[in-house]
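Novice: build me a model:
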Amino acid sequence: MPRRFWIAALSLWPGLPQVWSGQEVMGLILAGVFAATLNAAIVTHAIWTEAVSPAVSTFVTALAAGTWAAGLAYTLWWVWRCHPERYRAEIERLYREATEHYLRGRWNDARRRLEQILTMDETDADALMQLGTLYLHTGQPDEARRAFRQCLELEGGVKWRWEIAQAIRLLDRG
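Specialist: Prediction:
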């Protein structure tokens with residue numbers, strides 16, 4: 001099944017699709033706000049029924065429903081308009097251009113293309129690996145280390161583990 005379908009299915013709980021797709025901070029904010037409003041609605045309807053007026057209870061319930069609807073709307077909008085899969089052809093074109101510029105020694109042009117890719121999809125391990133290599137060749141060891149470590153943290157970065165270990169060893173020696 002396509003990843004977009006899974007993200008849309010996870011939308012039943014606001015924030016879960018964002019956490020699953022790598023937007024942890026946004027996901028935790030959405031999930032926390034929804035959980036707080038849902039808990040408040042449950043407490044005002046089931047526990048503090050006499051301590052809270054029916055108007056407040058109705059308001060809190062409407063707030064929880066509104067939070068859920070807003071989280072769902074945001075997630076569906078993100079899946080439809082902003083998901084990295086939407087930009088796959090553009091990312092591939094930019095990657096080819098970055099590789100071409102890299103091979104010709106046009107470091108700034110290659111760097112710009114790789115940064116554009118990472119703007120569209122911050123989980124692109126191949127672009128991070130290439131960016132780290134570019135930083136390595138242009139004498140920017142701190143940036144290279146940072147890019148390599150970011151790459152290792154990604155799911156797709158596992159395939160680059162050996163190459164990254166070699167590059168970091170080279171950086172530590174020099």
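Novice: residues of stretch 89-100 that come out buried?
Specialist: 91, 94, 95, 97, 98 (16 or more other Cβ atoms under 10 Å). No exception for glycine: its C-beta is placed from N, CA and C like everyone else's.
Novice: that should have said stretch 55-62, apologies.
Specialist: Quick answer for stretch 55-62 (16+ other Cβ under 10 Å): 57, 60, 61.
Novice: next: stretch 14-21.
Specialist: If you call a residue buried by 16+ other Cβ under 10 Å, then stretch 14-21 has these buried ones: 14, 15, 16, 17, 18, 19, 21.
Novice: looking at those residues, which is nearest residue 30?
Specialist: residue 15 (3.5 Å; Cβ to Cβ).
Novice: would TSV of the buried residues of stretch 14-21 with pLDDT be doable?
Specialist: TSV is the format used below for the buried residues of stretch 14-21 (pLDDT from 0 to 100):
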residue	pLDDT
14	86
15	84
16	82
17	81
18	78
19	79
21	69
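Novice: tell me the domain ranges of this protein?
Specialist: Following automatic domain parsing, one finds the domains of the chain at 3-82, 86-173.
Novice: those domains: lowest mean pLDDT?
Specialist: Lowest mean pLDDT within these: domain 3-82, at a mean of 84.
Novice: from the buried residues of stretch 14-21, which land in helices?
Specialist: Of the positions in the buried residues of stretch 14-21, 16, 17, 18, 19 sit in helices, assigned by DSSP state H.
Novice: correct me, but the last one touches residue 28?
Specialist: Yes. With the criterion set as Cβ atoms under 8 Å, residue 19 and residue 28 qualify as a contacting pair; they are 6.8 Å apart.
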